[in-house]
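Peer 1: need a 3D model of the sequence below.
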Amino acid sequence: MLSFGRGEVMVAEGDKARELLILLAGRARVEKRISGREPLVLARPGGGQLIGELSILTGHRRSATVVAETPVKAWSVPAAKVRALLGGGSGSRGRFQKKMMESLARRLVGLLDKLPVLQGVSAEPKTEAAVRKALEKMYGDWAV
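Peer 2: Okay, the predicted model is just below:
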């Protein structure tokens, strides 16, 4: 079991995903850094919630920083163990479920990356071509 004091960084944006944290008690703040601005608060997870699942599912580095807002107790599950549990299904059903979770995680991370635009913190694409390019980038890997 891990303990974090108030204000302590639990997960840092840009770090490699080494573990999944399961919050047992306390509350944290998930924040995204935006150049030249105060961090944008994305969520305030509490007991029973997970931290770090997106980076484990996508294989990318941590997409946000998580700071303990109150004293926090958490279990740490190594990333390799999480991946082994996810890959435990056999046959086409197991592969499908894993691909589905990975796809959803990538899309969510993509949306989080676009959050500053949605919040009006940075510029939106203004031309039709820029909008089309953004949509193609966002949805280009969808197979219909």
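
Peer 1: next, count neighbours for residue 98.
Peer 2: A count of neighbours around residue 98, defined by other Cβ atoms under 10 Å, yields 16. Heads up, the C-betas are built off the backbone N, CA and C, glycines and all.

Peer 1: for it, grab phi and psi.
Peer 2: phi -60, psi -50 (degrees, to the nearest 10).

Peer 1: ok, now residue 16?
Peer 2: Taking degrees, to the nearest 10 as the convention, residue 16 sits at phi -70, psi 140.

Peer 1: let me see the contact set for it.
Peer 2: Neighbour list for residue 16: 61-62 [criterion: Cβ atoms under 8 Å, 6 or more residues apart in numbering].

Peer 1: what's the answer for the one 3 residues further on, then?
Peer 2: Shown here is residue 19, whose contacts under the criterion Cβ under 8 Å, 6+ apart are 52, 76-79.

Peer 1: mind checking which of those residues are in strands?
Peer 2: 76-78 (DSSP state E).

Peer 1: state the distance from the residue nearest to residue 5 when sequence neighbours are not counted to residue 30.
Peer 2: For residue 5, ignoring the flanking residues on the chain, the nearest one in space by Cβ to Cβ, 6 or more residues apart in numbering is residue 71 at 6.0 Å. Residue 71 sits at a distance of 17 Å from residue 30 (criterion: Cβ to Cβ, to the nearest Å).

Peer 1: looking at those two, which is more packed in?
Peer 2: residue 30 (22 against 13).

Peer 1: partner strands of the helix or strand encompassing that one, parallel or antiparallel?
Peer 2: In this assignment (DSSP states H and E), residue 30 forms part of strand 28-32. Counting by DSSP bridges, the strands paired with strand 28-32 are strand 40-43 (antiparallel), strand 65-68 (antiparallel).

Peer 1: quick one: residues in contact with it.
Peer 2: Contacts of strand 28-32 (Cβ under 8 Å, 6+ apart): 4, 10, 13, 39-46, 51, 63-69, 72, 112, 115-116.

Peer 1: and those residues, which are buried?
Peer 2: 4, 10, 13, 40, 42, 45, 51, 63-69, 72, 112, 116 (16 or more other Cβ atoms under 10 Å).
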